[in-house]
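A.B. asks: Sequence first, predicted model second:
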Amino acid sequence: MKKPAPFPMPGTPFLCRLLIVLLAAGSPVARAVDAPAKKEKDPNARECVIAGGAAEWGSRGLRTAGETFAIKANAPAKDMAFVEWVGNVGVLADFKSPETTLTMPANWPWEHVKVAAAYKRVAPKRFVHALFQDHMVLQRGVIVPVWGWAEPGKEVMVEFAGQTVKATAGKDGKWLARLAPLEAGGPHTLKISGPESRTINDVMVGDVWLCSGQSNMAGSGPGAEELATANLPNIRLFQNNPGPNEYDGTQPFDDLADAKNGWVQCSPEKAKSWSRVAFFFGRAIHEHHKVPLGLIVSAMDGSFIEGWMPRATLESMPEYMAGGKFTPDYNLSWGGGQMPYIRYNAHIAPLAPFALRGVLWYQGESNGSIRSALRYRSLLTSMIRDWRAAFAQEKLPFVVIQMHLFGKLETSREPGKDRVPWAELQESQLAVARTVPNVGCAVTVDLAREQSLHPPDKRSISERAALVARKVAYGEDVTAYGPLYKSMQIEQDKVRVNFESSGGGLVAKGGEPLKYFLLAGEDRKWTWADGKIEGEAVLVSSPRVRSPIAVRYAWGSGQQEANLFNQAGLPAAPFRTDDWSPEDK
């Protein structure tokens, strides 16, 4: 009987995502997309060769509980060695062996068993870390680490801008020299000598920002008009985009596997492929501070915040552990960024402890769900703590770009009937910025569009983020936020809502009435309400609510219609004075 051809699934070549297909006789067979399927001598003996990727067994009527498969891991490259299986490892006979068996569990009618082979790079380490290349930017005003690898005990000498610093390779071969704080300027030459010699030219000293997150950060393409003025050679970009053979599923990388593109100077031609958000953010900072600017972009489409966190941190959280085993509640995949801790291992850990001015973080779409929107505030807080520890900068500034909730404002529908996870995610992002030191949040709700997950006006978003950076990272006395909810008082049939950061006073953009206020009474039923500006407060009322107890603002789709701003032209952040959910009713 002729077998059907493999059905390709989305993903990178490294992921080699596998799909179970049915034979005409009803007997399922696992086949690899990128590796030829082996002929089965016994129809009941199934083998799946995983050529460096992830296997997925869909159990929606295709599998039988107790059914077993032999699986084998083949390393994707010569310098990669198998470490262990990750994913639903509880269904494997031995997750430390490259050849083992998988047993289909019972009672998984709507789930998928996903298993991936994790590999470790075993290639020789570089004498000098891959970040140190021609045209690079070093951070001004702080201790600057320079590091690499040599034989244990070997001495290395680093010379830069009049300084000479020595270091000795430790037992693990790593050497690390620390330059004293530097003044902005350049170009300089960085010389490193010892068992080998390296000369790195055109090194500038200024500010370095790490730009990370998911697709809104990773997306490229400044427009033609923007590119025409992009001849800015003192803005340099380093893109860390690990390829398919550069992942280690269990341990953080200590170097970059592929950094052949190095640091790139900004020009109309080069900036075409840059992150659009990073480009505009960097340009705004550069134009204001007049110093060289380095941008390290390390982002991944579709990634969850859990992917950007160390495994040890996730294992310390009860919600990711079951029966003593690490069991994240997402389908595990090496494809769309859902794999916990993988992004940290490949995208962040190998950059540390490079000296930074701050981090620009634009992520949240993948976590805008009921199960993780409220949890996001603890996750983001933990991630910030872990990154600060990795980069040895306990006060490292973070600028968080708040997600927008796209869609249409429909005042004809009953408000507050359903839970709004994305609004809860926005609330979590802002809560972290208001409680964790040296963290700011750029509010972007007015820049949303009805049907756009990716708002087109990245320039305004980035320049607003740069304004927040000037406040939290540079300590400037600037108005960086729109009105922020402070407190409320009930005044008979009205509620007075007080705000911080009025920026010269509250205004209704486009004129009154204020839009998108909701009011609720003891019955916890929400209704559309009127808002009237009175000094530094807004008086909210509705003839349908005689004894109000709670207020919400811009809490749902169509946030771009909300029109409470300050005189500085910045929008009020969405807020609620309650903590109810539909389950409370």
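C.D. replies: Happy to help now that I have it.

A.B. asks: beta partners of residue 506?
C.D. replies: Taking DSSP bridges, one obtains residue 566 as the residues bridged to residue 506.

A.B. asks: Any idea how many residues pack against it?
C.D. replies: Around residue 506 there are 22 other residues, counting by other C-beta atoms under 10 Å. The C-beta positions use only the backbone N, C-alpha and C, and glycine is treated the same way.

A.B. asks: same thing with residue 381?
C.D. replies: Here the number of neighbours of residue 381 (other C-beta under 10 Å) works out to 16.

A.B. asks: what about the strands in the stretch 351-500 of the chain?
C.D. replies: Assigned strands in the stretch 351-500 of the chain, in chain order: 358-362, 398-401, 439-442, 484-491, 494-500 (criterion: DSSP state E, counting those that start in this stretch).

A.B. asks: who wins for proximity to residue 266 among those?
C.D. replies: Each of those was checked against residue 266 via C-beta to C-beta, and the shortest separation belongs to strand 358-362, namely 16.4 Å.

A.B. asks: roughly how far apart are the nearest residue to residue 470 once chain neighbours are set aside and residue 289?
C.D. replies: Counting by C-beta to C-beta, 6 or more residues apart in numbering, the nearest residue to residue 470 once its immediate chain neighbours are dropped is residue 476, at 4.4 Å. Taken as C-beta to C-beta, to the nearest Å, the spacing of residue 476 relative to residue 289 amounts to 10 Å.

A.B. asks: Those two: who's more crowded?
C.D. replies: Neighbours of residue 476 and residue 289, each counted by other C-beta under 10 Å, are more numerous for residue 289; the result is 17 against 13.

A.B. asks: Would you confirm that that one contacts residue 469?
C.D. replies: No: at 10.1 Å, residue 289 and residue 469 do not qualify as touching, with contact defined as C-beta atoms under 8 Å.

A.B. asks: re the thing from before, make TSV from the strands of the stretch 351-500 of the chain and add distance to residue 261, mean neighbour count and mean pLDDT to it.
C.D. replies: Supplementary listing: these in TSV, determined by distance: least, C-beta to C-beta, whole Å; neighbours: other C-beta atoms under 10 Å; pLDDT from 0 to 100:
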stretch	distance to residue 261	mean neighbour count	mean pLDDT
strand 358-362	20	27	98
strand 398-401	25	27	98
strand 439-442	28	25	98
strand 484-491	41	14	97
strand 494-500	44	19	96
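
A.B. asks: Rebuild those as TSV, extending it with distance to residue 242.
C.D. replies: TSV is the format used below for the strands of the stretch 351-500 of the chain (distance: least, C-beta to C-beta, whole Å):
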stretch	distance to residue 242
strand 358-362	18
strand 398-401	22
strand 439-442	27
strand 484-491	38
strand 494-500	41
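
A.B. asks: Correct me if wrong: the residue nearest to residue 470 contacts residue 468.
C.D. replies: No: taking contacts as C-beta under 8 Å, residue 476 lies outside contact range of residue 468: 10.5 Å.

A.B. asks: Report the central residue of this protein.
C.D. replies: Taking C-alpha atoms, centre = their mean as the criterion, residue 213 is the residue nearest the geometric centre of the chain, at 2.7 Å.

A.B. asks: so how far is residue 153 from that residue?
C.D. replies: From residue 213 across to residue 153, the span is 41 Å (C-beta to C-beta).

A.B. asks: contact partners of the host helix or strand of residue 217?
C.D. replies: Applying DSSP states H and E as the criterion places residue 217 in helix 215-218. In this structure, residues lying in contact with helix 215-218 by C-beta atoms under 8 Å, 6 or more residues apart in numbering are 211, 275, 277-278, 297, 299-302, 360-363, 365, 401, 453-455, 458.

A.B. asks: swap in stretch 371-390?
C.D. replies: 304-306, 308-310, 313, 317, 319, 329, 344, 348-349, 352-353, 359, 364, 367, 394-396, 398, 400, 421-422, 424-425, 427-429, 431-432, 435-436, 439.

A.B. asks: For ChimeraX, write a command that selects the buried ones of those residues.
C.D. replies: Selection of the buried residues among the contacts of stretch 371-390 in ChimeraX, burial being defined by 16 or more other C-beta atoms under 10 Å:
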select :304,305,306,308,309,310,313,317,344,348,349,352,353,359,364,367,396,398,400,421,422,424,425,427,428,429,431,432,436,439
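
A.B. asks: I figured residue 504 was touching residue 567, is that so?
C.D. replies: Yes: under the contact definition of C-beta under 8 Å, residue 504 touches residue 567, with a separation of 3.2 Å.

A.B. asks: While we're on residue 340, how confident is the model there?
C.D. replies: Note for residue 340: predicted pLDDT of 77.

A.B. asks: Give me the neighbour count for it.
C.D. replies: Using other C-beta under 10 Å, the number of residues around residue 340 comes to 24.

A.B. asks: Give me the subset of the contacts of stretch 371-390 that lies in helices.
C.D. replies: When the contacts of stretch 371-390 are checked against helices (DSSP state H), the matches are 313, 421, 422, 424, 425, 427, 428, 429, 431, 432, 435.

A.B. asks: Could I get these in a markdown table, plus columns for pLDDT?
C.D. replies: Putting the ones in helices among the contacts of stretch 371-390 into a markdown table (pLDDT from 0 to 100) gives the following:
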| residue | pLDDT |
| --- | --- |
| 313 | 94 |
| 421 | 91 |
| 422 | 91 |
| 424 | 94 |
| 425 | 95 |
| 427 | 96 |
| 428 | 97 |
| 429 | 97 |
| 431 | 97 |
| 432 | 98 |
| 435 | 97 |
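
A.B. asks: farthest pair in those residues?
C.D. replies: Taking every pair in the ones in helices among the contacts of stretch 371-390 and measuring C-beta to C-beta, the maximum separation is 24.4 Å, between 313 and 422.

A.B. asks: Doesn't residue 134 belong to a strand?
C.D. replies: No: secondary structure of residue 134, determined by DSSP: H, G, I helix; E, B strand; the rest coil: coil, with no strand assignment.

A.B. asks: If we ignore the residues flanking it in sequence, what's nearest it?
C.D. replies: Excluding its sequence neighbours, the residue lying closest to residue 134 (C-beta to C-beta, 6+ apart) is residue 201, at 5.0 Å.

A.B. asks: what's the answer for residue 565, then?
C.D. replies: Nearest residue to residue 565, sequence neighbours excluded (C-beta to C-beta, 6+ apart): residue 509, at 4.7 Å.

A.B. asks: what's the answer for residue 280, then?
C.D. replies: The shortest distance from residue 280 to any residue other than its chain neighbours is 3.4 Å, reached at residue 462 (C-beta to C-beta, 6+ apart).

A.B. asks: Same question for residue 441.
C.D. replies: With C-beta to C-beta, 6+ apart as the criterion, residue 441 has its nearest non-adjacent residue at 3.5 Å, and that residue is residue 433.

A.B. asks: how about that neighbour, what does it touch?
C.D. replies: Going by C-beta under 8 Å, 6+ apart, residue 433 touches 400, 439, 440, 441.

A.B. asks: Would you reformat these as TSV and include distance to residue 483?
C.D. replies: TSV is the format used below for the contacts of residue 433 (distance: C-beta to C-beta, whole Å):
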residue	distance to residue 483
400	18
439	19
440	15
441	13
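
A.B. asks: residue boundaries of the helices in the stretch 101-250 of the chain?
C.D. replies: 215-218, 224-227 (DSSP state H, counting those that start in this stretch).

A.B. asks: from the ones you listed, which stretch is densest packed?
C.D. replies: Among the helices of the stretch 101-250 of the chain, ranked by average contacts under mean count of other C-beta atoms under 10 Å, first place goes to helix 215-218 (a mean of 23).

A.B. asks: What's the per-residue pLDDT of the residue nearest to the centre of the chain here?
C.D. replies: 94.

A.B. asks: does it have beta-bridge partners, and which?
C.D. replies: When assigned by DSSP bridges, residue 213 has beta-bridge partners residue 299, residue 362.

A.B. asks: what's near enough to touch it?
C.D. replies: For residue 213, the residues meeting the contact criterion (C-beta under 8 Å, 6+ apart) are 299, 303, 360, 361, 362, 363, 401.

A.B. asks: so residue 467 makes contact with residue 474?
C.D. replies: No: contact status for residue 467 versus residue 474: not in contact, 10.6 Å apart, counting by C-beta under 8 Å.
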